[in-house]
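Enquirer: Structural data only, the sequence is not supplied:
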């Protein structure tokens, strides 16, 4: 027996604590009373991501979206909506406009995501070229090859305002124009798929979910700049993305969408894959080109820029995966359409890999100008476990930390730079009060020190020195003078490093110093880590008044740091203690605490 | 397949667009789409996939098409499975382990019931289609 309607009740943590559970019970009771038990199914769902307005109830198949539903409201919903088919206006989101805003697709929250880059991800089968073609795939190629000159293509991209999504935000059209203006001859088109920021997986997911969009975009770029050869530089750690790209290239070849004389237009273009071994610095464009040529991946001074003198000395355009994924849509829908999305200086959307202490971690795409608050609290469903938001980290090891006072800053390249972070490639890590900012800065420095190629001294030596000072502070040996040193070295690295890696490596230090100086000072002066992350600053203590002398902790302690006789208060020898915390967990009387 | 000309490509797109709209590939009116990005696979999407295939053959269903796709963006609830059954709302299930996969076939596809506690929503409306 099939159901006619479905009542979905959000079962996310926030909605449950707001009374969602009683709503479910009420629905079951009222449906039974109305004799609809066999016609309407009540279902508890995962978090619908709209925690601010919970508990949320959604009625299918109509898709009506009710907010802040209480158990008392259920009777009315059943009587009006499910029996008589009339929407209960007062419970719809934004009662002012309830008449227009009854379906989920009309709710502003759901419009906060805007999918251009991820348009096909999670919808098509990435291993079937037909699926891509059905969703307007390779349509932009048609338009470009048969209706536009290379100059017009470059002009369209320039007009769209698209900027490089790899992090720096250089206008894509300008890059193309420089390469196009070089004398005719061998030129190259390179896709940078060397995504290396910890926590970032936007490009990986795009390649895995929609590989053909990148092939199409590279072919368009090749046509625009006059290149017949393209390379995708992808890290060997992305086996699934590589496999799907290989399948896609083979399929495009079979259909004549890559190779000689594409679609009979006379234009030829081919793409090869090049695998990176995972060095972070190879995401830097000049180091990436070195690596493709078979050399050790080390950056070169610019100018000359790759658009003039790149791969094997030939003009080369290097675009990031996400940048390229925008290209076919811009060609199909036009620069003017793209131009309307985003902020004054930054057009289009940005994909973020939302991770950390957030309820709904995942891959999201929002228009530029969306605020961090919307991303973290509306789309991300708020902070996990009811904790407090402390900071967000954008841009990975090259980025900075954004404190709560900037939650309402509309995100674009300029606004993030102004508050001491960068857009970066799109990693967005959310932190709560259990994270220590000094520890975070240390984590990123550790990463960049590891990944520094060692060619220039400011990055090689400066990074190491910064890390040493941070270690000193988190070990409880820090002095106020160390802060001055951190600042001075950070500035020097910014100014004197050869490439982006060194120039930005001190950003995590600079931004944490700027916004969380008090926490640095606590580490230095009070020898205290308020988040309890810096283990050397933690002291475990036994409260003699509470200790019963059961000897459990002394037996558990792996370092034999606890002493005392039976039925007498025990004590911890701080010189032997390794801060493992086992004693605190073991104590049944709550006599052991740390601070 | 032979190399396409411009006309071939346009014709192919038209055909495939229709096929996708009807969501009907060779008389299979029910579709089960498994998110098989790295995030999904790491969370066990391959086991889910196998369990779906087994359950469908156990039930002797011939009208179900199983497809794979990339990351739907709901990485916190992988593996994710989208189920399209005529006459029922299209839903996305999250955290679909092998046991839930069996439920998807037995309860949702055969029994026309949604499964409690596992439904998620698509993270966004697909604007490119609408714009």
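Expert: The structure has been received and is ready for your questions. Keep in mind that this is a model prediction, so the values were computed, not measured.
Enquirer: Contacts only, for whichever residue of chain B sits closest to chain A.
Expert: Residue of chain B nearest chain A, by CB to the nearest CB: residue B:70 (2.0 Å). For glycine as for every other residue, the C-beta is placed from the backbone atoms N, C-alpha and C. Contacts here follow CB atoms under 8 Å, 6 or more residues apart in numbering or on different chains; on that basis residue B:70 touches A:120-122, A:124, A:126, A:205, A:208-210, B:35-37.
Enquirer: swap the cut-off to 6 Å and go again
Expert: When contacts are counted by CB atoms under 6 Å, 6 or more residues apart in numbering or on different chains, residue B:70 touches A:121-122, A:126, A:208-209, B:37.
Enquirer: Any chance of a markdown table for the residues you listed, columns secondary structure, pLDDT and neighbour count?
Expert: Formatted as a markdown table, the entries for the contacts of residue B:70 read as follows, by DSSP: H, G, I helix; E, B strand; the rest coil; pLDDT from 0 to 100; neighbours: other CB atoms under 10 Å in any protein chain shown:
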| residue | secondary structure | pLDDT | neighbour count |
| --- | --- | --- | --- |
| A:121 | coil | 84 | 28 |
| A:122 | coil | 78 | 28 |
| A:126 | coil | 90 | 32 |
| A:208 | helix | 91 | 27 |
| A:209 | helix | 90 | 28 |
| B:37 | coil | 88 | 33 |
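Enquirer: Looking at these, which is nearest residue A:459?
Expert: residue A:208 (32.2 Å; CB to CB).
Enquirer: OK, contacts around the closest one?
Expert: Residue A:208 is in contact with A:240-241, A:244, B:37, B:70, counting by CB under 6 Å, 6+ apart.
Enquirer: what's the burial count for residue A:132?
Expert: For residue A:132, the neighbour count with other CB atoms under 10 Å in any protein chain shown is 26.
Enquirer: Would you mind measuring from residue A:511 to residue A:404?
Expert: Distance, residue A:511 to residue A:404, by CB to CB, to the nearest Å: 14 Å.
Enquirer: out of the two, which sits in the more crowded spot?
Expert: Using other CB under 10 Å, the more surrounded residue of residue A:511 and residue A:404 is residue A:511, with 25 against 14.
Enquirer: Distance of the more buried one relative to residue A:443?
Expert: 14 Å.
Enquirer: Checking my notes, residue A:273 in a strand, right?
Expert: Yes: under DSSP: H, G, I helix; E, B strand; the rest coil, residue A:273 sits within a strand.
Enquirer: distance of the closest residue to residue A:460 other than its chain neighbours from residue B:93?
Expert: Distance criterion CB to CB, 6 or more residues apart in numbering or on different chains; nearest residue to residue A:460, sequence neighbours excluded, is residue A:454 at 4.8 Å. According to CB to CB, residue A:454 stands 49 Å off from residue B:93.
Enquirer: more crowded one of the two?
Expert: Neighbours of residue A:454 and residue B:93, each counted by other CB under 10 Å, are more numerous for residue B:93; the result is 26 against 10.
Enquirer: Thought residue A:567 was touching residue A:549, still the case?
Expert: Yes: Residue A:549 is within contact range of residue A:567, at 4.1 Å (criterion: CB atoms under 6 Å).
Enquirer: Looking at the two, which one has more neighbours?
Expert: residue A:549 (16 against 10).
Enquirer: which ones are touching the more buried one?
Expert: So residue A:549 contacts A:566-568 (CB under 6 Å, 6+ apart).
Enquirer: same thing but 10 Å
Expert: Contacts of residue A:549 were listed using CB atoms under 10 Å, 6 or more residues apart in numbering or on different chains, and they are A:564-570, A:589, A:591.
Enquirer: cool, residue A:468 as well?
Expert: A:445, A:449, A:482, A:485.
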